[in-house]
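S.K.: fold the following and give me the result.
(chains A, B, C and D, ligands or ions: 2)
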Amino acid sequence: MFDPKLIRKDFPILSRKVNGSPLVYLDNAATSQKPRQVIQALVECYEQYNSNVHRGVHTMSMEATDRYEAARQKVADLIHAPSVEGVIFVRNTTEAINLVANTWATQNLGPGDEMVVTEMEHHSNLVPWQKVTAQAGATLRFLPVTPEGTLDLTSLDTVINERTKLVSVVHISNFLGTINPVNEICRRAHQVGARFMVDGAQSVPHMPVDVTDMDCDFLAFSGHKMMAPPGIGVLYAKPSVLEGMEPFLRGGDMVREVWYDHATWNDLPMRFEAGTPNFADAIALGVAVDYLQALGMDNVRQHEIEIGSYALQALGEMEEVTIVGPTEARLRGGLAAFTTDVHPHDLGTFLDQEGIAIRTGHHCVMPMHNKLGLAATARASFYVYNTNDEMDTLVRGLKKALAYFGSHALKP
Amino acid sequence: MFDPKLIRKDFPILSRKVNGSPLVYLDNAATSQKPRQVIQALVECYEQYNSNVHRGVHTMSMEATDRYEAARQKVADLIHAPSVEGVIFVRNTTEAINLVANTWATQNLGPGDEMVVTEMEHHSNLVPWQKVTAQAGATLRFLPVTPEGTLDLTSLDTVINERTKLVSVVHISNFLGTINPVNEICRRAHQVGARFMVDGAQSVPHMPVDVTDMDCDFLAFSGHKMMAPPGIGVLYAKPSVLEGMEPFLRGGDMVREVWYDHATWNDLPMRFEAGTPNFADAIALGVAVDYLQALGMDNVRQHEIEIGSYALQALGEMEEVTIVGPTEARLRGGLAAFTTDVHPHDLGTFLDQEGIAIRTGHHCVMPMHNKLGLAATARASFYVYNTNDEMDTLVRGLKKALAYFGSHALKP
Amino acid sequence: MAIQPPGGTAGGINDLYQDILVEHYKRPRHHQLLPDPELKSEGFNPFCGDRVVFTARLDGAGRISGVGFTGQGCAISQASASMMTDVLQGLTLDEVRGVVGRFRAMMQGKVLSEQEKEALKDLVVLEGVKQFPVRIKCALLAWSALQDALAEYSKSRNKLETST
Amino acid sequence: MAIQPPGGTAGGINDLYQDILVEHYKRPRHHQLLPDPELKSEGFNPFCGDRVVFTARLDGAGRISGVGFTGQGCAISQASASMMTDVLQGLTLDEVRGVVGRFRAMMQGKVLSEQEKEALKDLVVLEGVKQFPVRIKCALLAWSALQDALAEYSKSRNKLETST
Ligand SMILES: Cc1ncc(COP(=O)(O)O)c(C=O)c1O
Ligand SMILES: Cc1ncc(COP(=O)(O)O)c(C=O)c1O
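M.R.: Numbering: from 1, shown residues only, chains lettered A, B, ... in the order given. Ligands and ions are numbered 1, 2, ... in the order given. Prediction:
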C-alpha cells in the first residue's frame, strides 16, 4: 500500500527542522529528496568498488561497469525503451536538450524550415532552440497557451506543418502544472515527417511514461528530480535516429579508434558519452528507479492527484490566493503556482521561518510569466512523501503570512 | 608529516579484499579513491540540506548555494585563480575541453589558421580539436615526442608560429608520465598571440598548479582523479577570455532574461553552467580540495617522486620489463606504463587474481601507442595512499606472473 | 488578532519587516524616472525577476540634483531602492561612492559608527536583513544598479575627455 | 620452481589459461589472410585495442573452403580466433550460425550437451573464461568479427539478387 507516512521514514532529511519547525518540503519540482537506499548506494560505491568503468580488466572496474550498465537497463525498463542503446547518460535535462540541439537539429534544420515548441516551455527547452533555429535560418514557432493554461490545439495543424522538422514539448509544465497531450502532438509531428522530443523533467519522476507507446524520438529527464543525485540525467532517443547523428562531446570512451588525423566512433550508446561518465550517480539513479518501481508509477501518479486535489481545494478556498493553470488535479502534475497580494519573495521568507520550503520567482519560465503579466509566482510542488497534513501546514502558514503582511499593510 | 599508512585509514575502500588478497589499487590515473571525509560530505548533503541552488528563498536552498559557491572558491584557491569568475563546474576534463572547442575555438579559428597539440595527447585533448579544425578549414599541428618520451622542443618556434591561434597541451601524460614544460610553451604561444590551454587531468590532482604563474588561458581537470566523485570537473578560464565567448550549453541558470525570441546571459561563471548543476559532487570536490590542501600539494608531489623512484628502480631491475617514457622520477608523474613479453591483458588478469589493480590497454592514448609500435601497455599509477610495500607486492606479482606465463611459454 | 512572529530567530521576521521598511515599500519615494538623466542603470536579479531602474541628474557642480526609480519586486528590494534615493540628494559622486561603501559594509556585518549610521538615515533598518542572508541580494539590487550607473558615467566621461 | 596459482577462486587462473588455449595462442592455426575472400571482417575492442581480422572463402556449394585470420591481442582473444577457425572448415553458413549460437550460449553459462561440445572441439576450454567475466569480451572478439562478416555477406547477396 501507498502510505506517505511510511515512505517518509526512508528520507532522512524529512526529519530535520528548519528555523525551529519540522521541515515541510514543497520544492520538489526544483529537486527531490533522496531515500536512504540511494544515499547508501553512493556510500557503497565509494567504499566498496569505486573504479573507472569500461576500461579495466581488474575486478573493481568490472563491478563498477556491471552496475553502471545495469542502471542503464533499469532506466530503459522504466520508460519502456526497447533497448539500452537509446539510453544515454547526461548531466541533466538541459544537457540532453542541448545534445539534440547541437546534433540532430544542427544537422537537419535549414533555411525555411520550422521547429515548434509551446509557449509554456522551461528556459531549457527554449533557449537552445533559439540559437539553432537562428543559425539555420529556420523559424521557431509556438503552440499557443489558452488563458486557462492549457495548449490551444485548434492551431495544431497549422503550427505543425510540412515545413516543420522538429517539435519539442514539455510533458508537464513546471509552472502551470499542465499535462500536455504528447501522444496527439507526436502523431501530428510524425504525420508531417517531423521528429518529436519530450521534455520529461516533470513527468518521468511523477507518472508512467512509455516511449514505445508514445513513439517519441527523444525524451529528456533529470535524475535529481526523481530521488537520484544531481549530476545525472538521461537522453532517450530512438537508436535509428541516433545512428544518423554526429557525436556531440568528443574524447575518451566515445571513440572506437583514434589516429592523429581522424577517429571513428564507438557503438551506441557509448558514442554519446564522452570522458569518464558519472557512473556513481548513474548507479544511484538505478536505485532510485528501483525505489519508484517498487512504489509503482501508477501509485505515484495517483498519490499526486490526491494530494493535488486536496491542495487545490484548500488553496482555492482562500480568497487571497489565485492559482495559475488548470483547475482540475487530474489535468495537472502535483504542483501549484499561485499569487497573492504579497510578493512571492516576502511570502517565501515568512513561510521559511515556519519551516515550509516553497519556491518563488519565475521558475525558469519567464516568457509564460510575462505573457500572463506576472513577474513572479509562489509554487508548492509535491512528491510521494508529502502528506495532507503538510498541505494543512502550508495553508495555515499562508493564512498567517497574509495576516502578518496584512497587519503591516504590505499590499503595495 | 606525510605518512601514507596514516592516510590509508581515511580511505575505506583500501581495506577491502579482492579475490582473497588485500586490494593494491594502482589504477589512480584512471580514477582515485575517496576519503571518508568526501563520502561523508555527500551523505551530509543528502541528509541535511539537499536543495536546488541559486533559485530559492528557503533556508536549505541557501545552505546548498553557499556550500556550492564555497567549493568554487576552494577550487580557485587550489589553482591560484584570481577570482571565482573563471571557475566553471563541468562534468569532467573531456567536457571542459569540448566547451572550449565549441565556443572559443569555433569562434576564433578560420581557414589557414593553425592549432597545436602534442603527439602524446589523451583522446579527449585530440578528438574535439580534429573536428573544430576540420570545420574551420584550419590545420591541427603536433609538437613531436622524442623516442625518450619527452617533447622535442627544437621545433617549438616553427610548430607554434604566427598562424597559430590555440595551443593545447597535456600537463602530465597519463601514458608516458612525462611532465611537459607548460610555462615555456605558454610563453611561446602568447608570443605569437595564441591562446594556451592545459589538460591538467593528471597534474592538478598530483602537484601544485598555479594558473596565475603559468598564465594559461584555460585549464581543464576532473574531480574524480583527485578524491572527488565522478560527475564533477572544472574548466578554469581567464574571465577576460570568457567574456568574449558565446555560451555553450543553454537553458536554465545561465540566462539573465528570456523572451520567446531571444535571451540575455547571466554573469560569469554561471553563464557557462546550464541547468541544475551537480552541486553535491561540487561540494564534495571542495572537501577533496580541503583534504589535499591539508596534505599540501608539495608533499603530494614529493611522495609521488619518492614512490615513483622506488617503482622505477624496482621495475627497471626486472629484465623482462620495458618502461615507457622518461627514466627519471623527477621528470614524470607518479605512474609507469610498461611492456613485457606477456600481453598486458593476461598480465592484468593474473595480477587481479592477487588483488593488484593495474590498467591495461591504450589508456585513451592510441596515436602515441601506434607511434611507438605498441597496441597496449600495462600501467601502474600511484597516489598519496600508495606505499613502497605495495610496490614490492606489485613487483612480486609481476615476477610470479612472468614465471607463470613463462612456464606456459605464453610468449607468442 | 495579534500575529505572532513565526518560530526560529526570536522576532526574526519583525526585524526584517520593520515599519519604516514597510512604509517605504507602500509609499516609495522618488518613484518615477527622470528625463535625460546623467546617471541611468537597471538592476535585475535573474533568479527571482526583481527589477530596479534607477535614474539621477547632476547639477553644474557635479552634485546629485534629482533621483528617481521604478521597479517591481519584493518589499526588501523596493524599499531599499526607495530609502537609497532618500540619501543621495545633493551628494557629489565621491560622496555617493562613500555611501555605497558604508551600506555594503553594514550588510556584510560591519558595525558602523553613530555618525555613519546617521548618514544612512532610514537605511539602517536594513541591518535586519543580515539575519536572512538569502535576502541580502534583494537589499543590494538597487545599489548594484547605482554602482553600474556610476561606472557607466565615469566611462563615458573618460571617453569624452580623451576625445576632446 | 613450482608456480602456485594466485589466491581467490581455487585454481582460477589455470582454468583460464589451459594448455590447449596457450598452445593455440603460441601457434595459431590458419594465421594468414586469404586473397579474395567472400567473407571478411575486422573485430576491434576500442577499450583495449585487441584486434582480429577474419577472412573465409566459400566453395560452389556455399561451404567454407578456407579460413584465415590475423590479429593482435591477449592470449584469450587470439586463441579463441585460432580455435574458431579450426571448426569452420566445410560448414555451410547456416551451420556456421549454429556454431556461433552454441559458442555464445556456452559463454553465457548454458550447459551444452556432449554432442554440442564435440562440435566446438578445442573451443570448450574457453568455458573457463566464464569465471573471468571481464575477459568474455576477449573470447568473443573473433566471433563478433565472424558475425559481422556473415551479415555483410547476406547484405551484399541480397543487393545482388534485387539488382539482377
Ligand atoms: C591526461 C588526461 N586527459 C584527459 C582525461 C579525460 O578525463 P575524463 O575522463 O575525466 O574526462 C584523462 C583521464 O582519463 C587524462 O588522463
Ligand atoms: C519542465 C522542465 N524542463 C527542464 C528543466 C531543467 O532541468 P535541469 O535543471 O535538471 O536540467 C526543469 C527543471 O528545472 C523542468 O521543470
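S.K.: any idea how far the closest residue to A:Tyr383 other than its chain neighbours lies from ligand 2?
M.R.: Leaving aside its chain neighbours, A:Tyr383 sits nearest to A:Asn28 (4.1 Å; criterion: Cβ to Cβ, 6 or more residues apart in numbering or on different chains). The way it works is simple: take the backbone N, C-alpha and C, and place the C-beta from them, glycine included. Going from A:Asn28 to ligand 2 by Cβ to the nearest ligand atom, to the nearest Å gives 10 Å.
S.K.: same check on C:Gly98?
M.R.: Using Cβ to the nearest ligand atom, one obtains 42 Å as the distance from C:Gly98 to ligand 2.
S.K.: same for the helix or strand where that residue lies, what does it pack against?
M.R.: Element membership of C:Gly98 [criterion: DSSP states H and E] is helix C:93-107. Helix C:93-107 sits against helix C:75-88, helix C:114-120, helix C:133-163, with contacts defined as 3 or more Cβ pairs under 8 Å, 6 or more residues apart in numbering or on different chains; DSSP states H and E.
S.K.: give me whichever of those helices is most buried.
M.R.: By mean neighbour count, with neighbours taken as mean count of other Cβ atoms under 10 Å in any protein chain shown, helix C:75-88 ranks first of the helices and strands packed on helix C:93-107 at a mean of 26.
S.K.: show me the contacts for the nearest residue to A:Met366 once chain neighbours are set aside.
M.R.: Closest residue to A:Met366 apart from its sequence neighbours, by Cβ to Cβ, 6+ apart: B:Val258 at 4.5 Å. Contacts here follow Cβ atoms under 8 Å, 6 or more residues apart in numbering or on different chains; on that basis B:Val258 touches A:His123, A:Leu126, A:Val127, A:Met366, A:Pro367, B:Thr264.
S.K.: who wins on neighbours among those?
M.R.: The member of those that has the most neighbours, counting by other Cβ atoms under 10 Å in any protein chain shown, is A:Leu126 with 33 neighbours.
S.K.: can you tell me the SS state at the closest residue to it other than its chain neighbours?
M.R.: Of all residues beyond its chain neighbours, the one nearest A:Leu126 is A:Val117 (6.1 Å), with distances taken as Cβ to Cβ, 6+ apart. On the three-state scheme (DSSP: H, G, I helix; E, B strand; the rest coil), A:Val117 is labelled strand.
S.K.: do the same with the one 4 residues further on
M.R.: Secondary structure for A:Glu121, judged by three-state DSSP, is coil.
S.K.: is it true that it touches A:His363?
M.R.: No. With contact taken as Cβ atoms under 8 Å, A:Glu121 and A:His363 are classed as non-touching, separated by 11.7 Å.
S.K.: need the overlap of contacts for the two.
M.R.: Shared between the contact lists of A:Glu121 and A:His363 (criterion: Cβ under 8 Å, 6+ apart) there are no residues.
S.K.: angles on the backbone of A:Pro239, please.
M.R.: In this entry, A:Pro239 is assigned phi and psi values of phi -50, psi -40 (degrees, to the nearest 10).
S.K.: state the pLDDT value of the residue of chain C found nearest ligand 2.
M.R.: Ranking the residues of chain C by distance to ligand 2 (Cβ to the nearest ligand atom) places C:Phe47 first, at 12.4 Å. Model confidence at C:Phe47, given as pLDDT, is 76.
S.K.: try A:Thr276
M.R.: For A:Thr276, the predicted pLDDT is 98.
S.K.: and chain A, what are its domains?
M.R.: Domain assignment for chain A by automatic domain parsing gives A:4-30+A:296-407, A:38-294.
S.K.: which SSE is the nearest residue to A:His262 once chain neighbours are set aside in?
M.R.: Residue nearest to A:His262 in three dimensions, not counting chain neighbours: B:Gln130, with 6.3 Å by Cβ to Cβ, 6+ apart. Per DSSP H and E, B:Gln130 falls inside helix B:127-136.
S.K.: now do that helix: which elements does it pack against?
M.R.: Where contact means 3+ Cβ pairs under 8 Å, 6+ apart, helix B:127-136 is packed against helix B:106-108, strand B:114-118, strand B:139-143.
S.K.: re earlier: relative to helix C:75-88, how tilted is the helix holding C:Gly98?
M.R.: 140 degrees (axes from the mean of the first three to the mean of the last three Cα atoms, to 10 degrees).
S.K.: what inclination does helix C:93-107 have with respect to helix C:133-163?
M.R.: Note on geometry: by the same axes, to 10 degrees, helix C:93-107 and helix C:133-163 are set 160 degrees apart in direction.
S.K.: helix C:93-107: which residues count as buried?
M.R.: By neighbour count with 16 or more other Cβ atoms under 10 Å in any protein chain shown, helix C:93-107 contains the buried residues C:Leu93, C:Val96, C:Val99, C:Val100, C:Arg102, C:Phe103, C:Arg104, C:Met106, C:Met107.
S.K.: Throw the residues you listed into CSV and include distance to A:His58 and pLDDT, thanks.
M.R.: Below are the buried residues of helix C:93-107 laid out as CSV (distance: Cβ to Cβ, whole Å; pLDDT from 0 to 100):
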residue, distance to A:His58, pLDDT
C:Leu93, 67, 95
C:Val96, 66, 96
C:Val99, 64, 95
C:Val100, 60, 95
C:Arg102, 62, 94
C:Phe103, 60, 95
C:Arg104, 55, 94
C:Met106, 59, 94
C:Met107, 54, 93
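S.K.: for A:Gln33, state which of those is nearest.
M.R.: Among these, C:Met107 lies closest to A:Gln33 (Cβ to Cβ), at 32.1 Å.
S.K.: host element of the closest residue to chain C within the stretch 301-412 of chain A?
M.R.: For the stretch 301-412 of chain A, the residue positioned closest to chain C under Cβ to the nearest Cβ is A:His345, at a distance of 3.4 Å. A:His345 is part of helix A:344-353 when elements are defined by DSSP H and E.
S.K.: that helix near chain B anywhere?
M.R.: Yes. Taking Cβ under 8 Å from any Cβ of the partner chain as the criterion, helix A:344-353 and chain B are in contact, through A:His345, A:Gly348, A:Thr349, A:Leu351, A:Asp352.
S.K.: now do the fourth one against A:Thr340, distance only.
M.R.: Using Cβ to Cβ, to the nearest Å, one gets 11 Å for the distance from A:Leu351 to A:Thr340.
S.K.: sorry, back to before: export the domains of chain A to a markdown table and tack on distance to B:Ile283?
M.R.: Output for the domains of chain A, formatted as a markdown table (distance: least, Cβ to Cβ, whole Å):
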| stretch | distance to B:Ile283 |
| --- | --- |
| domain A:4-30+A:296-407 | 15 |
| domain A:38-294 | 10 |
